[in-house]
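In: Show me the folded form of this:
(one chain, ligands or ions: 1)
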Amino acid sequence: MDKTIGPSVVIHINRLIKNYDQIKKKLSRSNLMIVVKANAYGHGGIACANALEKHGCKSFAVFSISEGIQLRDAGITSDILIFSKFNNSYLELAIKHNLILNISNIKDLIDLKEFSKKNKKSPRFHMKFDTGMTRLGLNIDEADEAFKILSKNNELKYEGLYSHFATADEGDLSFAYKQVEKFKDILNKAELFGLQFKTIHFSNSGAVLNIDQKDFNLIRVGMLIYGAYPSNEVPKDIDLQPVMEFKAPIVEVRRVDKGTQISYGGVYKTEKESNIGVVQCGFADGIPRPWYKNGFVGYKGKNYKIAGRICMDQFMVNFEDDVPSQGDEVLIFGSNDYNSISMETIAEEIESTPYVIATGINGRTEFFYQN
Ligand SMILES: Cc1ncc(COP(=O)(O)O)c(C=O)c1O
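Out: Numbers count the residues shown, from 1 in each chain. This is a model prediction of the structure:
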């Protein structure tokens, strides 16, 4: 297919690896669990996991069991934790594909125990406690019952104990510290039951930047590895590079008069005679529609304003008196030799997050992987 026909993404694998090394350097630790759920936040789950595994990463997390099976089928041999809510149908699959299940509820633990007793085999699993996210996780007052089950059933292959931060990427960390205190109570209880969890983990990207990691021996990292900060309230003290470069071709250029109305609704009018380029990429491909209000694209070292509402398949750009070449590509976000536009900039402007923007790239976008 002609590369200039539609939007494309370049995934800079070399930057992914550099980010991994920078995060390890910041933490002075190497025990990272890299979160490659949702197709590695839109970056390509198999390609990212493969590159990171080759570079020494030994632990991954995905959301669904099918994402885990896909990674196994692609030859990933590292640990793979499944974040999804447990389901009885996962038991055999987890054993078959050596996947680690998430146990976040007493009933799930009892089901797993009964399966293990009956079949004389247990899947590997981590126990998740809710300390304030109010999503998945055992309640703290269920810890005694859960730990009793673990201590009395030697066949159970429990490996990890974990929780999840709700506010670790915010300026006010008081709630996050309360979560840590609750988690420590759970760890103390586990000790009273004589349980030895191989991995203790809590952190996400926000916590990597904001919270001391001394109580945890595994650190879950998602967004930072892809080269974006989780929010604008964190210290930006890691030298990160954006892994995803999103671009699209200019397919038409026309000179228009001052006062020409552009795109649906006619909400944009040129302030002077201008060169208007049509870019072949729309909201169906992942460029966020609300970005049109104050948004811009990069071309040959300069930024140019998006002109009018983004359509499903195309949008227009005001190049003013510059004359872009038909077939050239504009940078939508990421960075190349000439321009740099961060997902964080777009996210802030449209009241979204880099998570939403990265995972939104889809539709007809072609992916290229660059080492
Ligand atoms: C349970 C869990 N752990 C870790 C992460 C990674 O978070 P982040 O991308 O902020 O590092 C996520 C992502 O949403 C998650 O759901």
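
In: From now on I want contacts and neighbour counts done on CA atoms only, so please keep to that.
Out: Will do.

In: List the residues that contact residue 148.
Out: Under the criterion of C-alpha atoms under 8 Å, 6 or more residues apart in numbering, the contact list for residue 148 reads residue 193.

In: 7 Å - rerun?
Out: Going by C-alpha atoms under 7 Å, 6 or more residues apart in numbering, residue 148 touches no other residue.

In: Next one: residue 298 from residue 325, what distance?
Out: Per C-alpha to C-alpha, to the nearest Å, residue 298 is found 14 Å from residue 325.

In: cool, residue 6 as well?
Out: Distance, residue 6 to residue 325, by C-alpha to C-alpha: 15 Å.

In: cool, residue 232 as well?
Out: 36 Å.

In: same deal with residue 317?
Out: Taking C-alpha to C-alpha, one finds residue 317 at 13 Å from residue 325.

In: With neighbour numbers in mind, choose between these two.
Out: Counted by other C-alpha atoms under 10 Å, residue 317 and residue 325 do not tie: residue 317 has more neighbours, with 24 against 13.

In: And the strands in the stretch 51-200 of the chain?
Out: Under the criterion DSSP state E, counting those that start in this stretch, the stretch 51-200 of the chain carries strands at the ranges 59-62, 79-82, 100-103, 124-128, 157-162, 199-201.

In: which one of those lies closest to residue 344?
Out: strand 59-62 (23.3 Å; C-alpha to C-alpha).

In: that older thread, among the strands of the stretch 51-200 of the chain, which is nearest residue 23?
Out: Residue 23 lies closest to strand 59-62 among the strands of the stretch 51-200 of the chain, at 14.9 Å (C-alpha to C-alpha).

In: is that closest one up against the ligand anywhere?
Out: No. On the criterion C-alpha under 6 Å from any ligand atom, strand 59-62 is out of touch with the ligand, staying 7.9 Å away.

In: So what touches that strand?
Out: 32-37, 68, 78-83.

In: Also within reach of the ligand: list those from the residues you listed.
Out: Answer for the contacts of strand 59-62 near the ligand (C-alpha under 6 Å from any ligand atom): residue 35.

In: Closest one of the contacts of strand 59-62 to residue 45?
Out: Nearest to residue 45 among the contacts of strand 59-62: residue 36, at 5.6 Å, using C-alpha to C-alpha.

In: Residue 353: what's it in contact with?
Out: Going by C-alpha under 7 Å, 6+ apart, residue 353 touches 344, 347.

In: So for it, what's the pLDDT?
Out: As predicted, residue 353 sits at a pLDDT of 97.

In: and residue 55, how many residues sit next to it?
Out: Around residue 55 sit 12 other residues, with neighbours defined as other C-alpha under 10 Å.

In: Need phi/psi at the closest residue to the ligand within the stretch 51-200 of the chain.
Out: Proximity to the ligand, evaluated over the stretch 51-200 of the chain using C-alpha to the nearest ligand atom, is greatest for residue 164 at 5.7 Å. Note on residue 164: its backbone torsions stand at phi -140, psi 130 [degrees, to the nearest 10].

In: Begin at 258 from now on, thanks
Out: Shifting the count to begin at 258 puts that one at residue 421.

In: Just to check, it is in contact with residue 458?
Out: No. Using C-alpha atoms under 7 Å, residue 421 makes no contact with residue 458, being 8.5 Å away.

In: between the two, which one's more packed in?
Out: Between residue 421 and residue 458, counted using other C-alpha under 10 Å, residue 421 has the larger neighbour count: 26 against 22.
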